[in-house]
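Asks: With the sequence up front, the predicted model follows.
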Amino acid sequence: MAKDKKIDIAAVSKRLEHLIPKYIDSLANEGNEDYQGAFEIFEFDEPLLKALTKTTYAAKHLDYDFFMGLIHSVIVNHGIHDPEEAATAISDYVESTNDRRDWVAVFPYIFNNPLRNFPLGKDKDLDLKFGAFTVKTKSHEFESLEKILQAEFKLTSVSRTDHQHQTYQGSGSINKCPLIMFEVHGAEDAAFHYGRWKLKYFTNLLEVYGVLAGCKGGGWASNEIDTNHVFLINKVTGGIERSPLTVSTRINLCPDSGFYDSLDEEFSVYSNMITNHNDKLFARLKSALNFFSRALNGTDRVLGFISYVIAIEAIFSRDKHTPIRITLAEYIALLCYPREERVGIYKNIKKIYDTRSALVHTGKIDIDVELIKKTETIAAKTILHTFRLYHKLNSSGQGNIEDRFFDHLRDLRLGVSTSSE
């Protein structure tokens, strides 16, 4: 099978050889009173779904509903009952409609700014580009959005009717909020899922930079416009689809005039990693970002503090026989701080981990607010410096990058390497 094939025809055909005869036999009972339908033979067959999603493309970009609709069209509507012909028809359709699964994901967002209704000055109207992500810091009505989509994504036509409908159905957010936009590919449900996943990574990374820039949000801002929808704009038809979000796209930052200046080329590189990195060290970074955001956006101080510590552990914890308390203190001090600050940071991190242990193991339920703030900053700095080292390791050398990362930390502890990044 060619490497670029989107469907493994042989695997699908082999499974259909087993199912299509059952489907045909079931059709003979169509007039019976207890007839339940024949198509469920395909709907509930897990080996068929595994065969359909055997290729990397299908597993990532196509989904159950897409395949069931396609199988119904091929086998039921068009009556193709030869297994190999049916599998080929499925593959041909997937190949021929590939461009119709290109979308622009549009996420209206809002910052957690408690003073957003009493601004000290006008918000900046910025057009920002960070790797695959386009950020518009002001809202855009249809005509303006249409020009942006054409310039940024070569989307030549957008349905005005769909835009009006989605503005009404989506609480007006697509028309009244700043926007984060990027390209996704896949069947509709898969594209929505992939879009939410990429957006979460991007906003989590934004929050790390926000904390380090001193722009942490208030955490209790009211929002007169719901940002609990994502929109997909099809790049071929210009049609707009909408999907609800379980959590609103609200970023826990209060950006000031200097915040956007801190989002430099380095931030752009790290933002774009979500599109082309999938190794174990990057998985650690994604986990750290996730727990950091949970802590930042949570309402329980104790759980937030523990989540900050977990974010750090997600990066450095590897060997269960290594004393994690000392390891964290040494790794972070050496990797993230200049020589003159390391002893103080080392002591702070040991205190942080001792407090974490007391919370988990002794039932302690109170914690000093200042210690939480220190932990938040240390966690953010740890994530940023790990990204820097990760990028450097990716740009040079061969071999398992996770092993090389821990080898580098070992060399720092031994004094073999003096470069923290």
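Replies: All right, it came through fine.

Asks: Select the longest helix from this protein.
Replies: helix 369-395 (DSSP state H).

Asks: Rounded mean pLDDT for the following helix or strand past that helix, please.
Replies: Using DSSP states H and E, the helix or strand that directly follows helix 369-395 along the chain is helix 401-414. Helix 401-414 comes out with an average pLDDT of 91.

Asks: With stretch 74-85 instead?
Replies: 95.

Asks: likewise stretch 16-27?
Replies: In this model, stretch 16-27 carries a mean pLDDT of 92.

Asks: Which residues belonging to that stretch are considered buried?
Replies: Buried positions in stretch 16-27, judged by neighbour count with 16 or more other C-beta atoms under 10 Å: 16, 19-20, 23, 26. (Glycine included, C-beta is placed from N, CA and C.)

Asks: Roughly how far does the residue nearest to R410 when sequence neighbours are not counted sit from C336?
Replies: Using C-beta to C-beta, 6 or more residues apart in numbering and skipping the chain neighbours, the partner closest in space to R410 is V416 (7.9 Å). Noted for V416: a distance of 18 Å to C336, by C-beta to C-beta, to the nearest Å.

Asks: Of these two, give the one with the bigger neighbour count.
Replies: C336 (22 against 10; other C-beta atoms under 10 Å).

Asks: what residues are up against that one?
Replies: Shown in contact with C336 (C-beta atoms under 8 Å, 6 or more residues apart in numbering): 345, 378, 381-382, 384-385, 420.

Asks: Between these, identify the one with the most neighbours.
Replies: Comparing the contacts of C336 by number of neighbours (other C-beta under 10 Å), T382 comes first, having 25 neighbours.

Asks: ok, it to A329 distance?
Replies: Distance check for T382 against A329: by C-beta to C-beta, it reads 11 Å.

Asks: quick revisit: just give me the closest of the contacts of C336 to S96.
Replies: Comparing these against S96 with C-beta to C-beta places L384 closest, at 45.0 Å.

Asks: And for K373, the neighbour number?
Replies: Using other C-beta under 10 Å: K373 sits among 12 other residues.

Asks: Tell me the backbone dihedrals of V106, please.
Replies: phi -120, psi 120 (degrees, to the nearest 10).

Asks: Now it: closest residue in space, sequence neighbours ignored.
Replies: Closest residue in space to V106, ignoring its immediate chain neighbours: F231 at 4.3 Å, by C-beta to C-beta, 6+ apart.

Asks: what are the phi and psi values for that neighbour?
Replies: Taking degrees, to the nearest 10, you get phi -120, psi 140 for the backbone angles of F231.

Asks: what's the neighbour count on it?
Replies: Other residues lying near F231 total 25 when counted by other C-beta under 10 Å.
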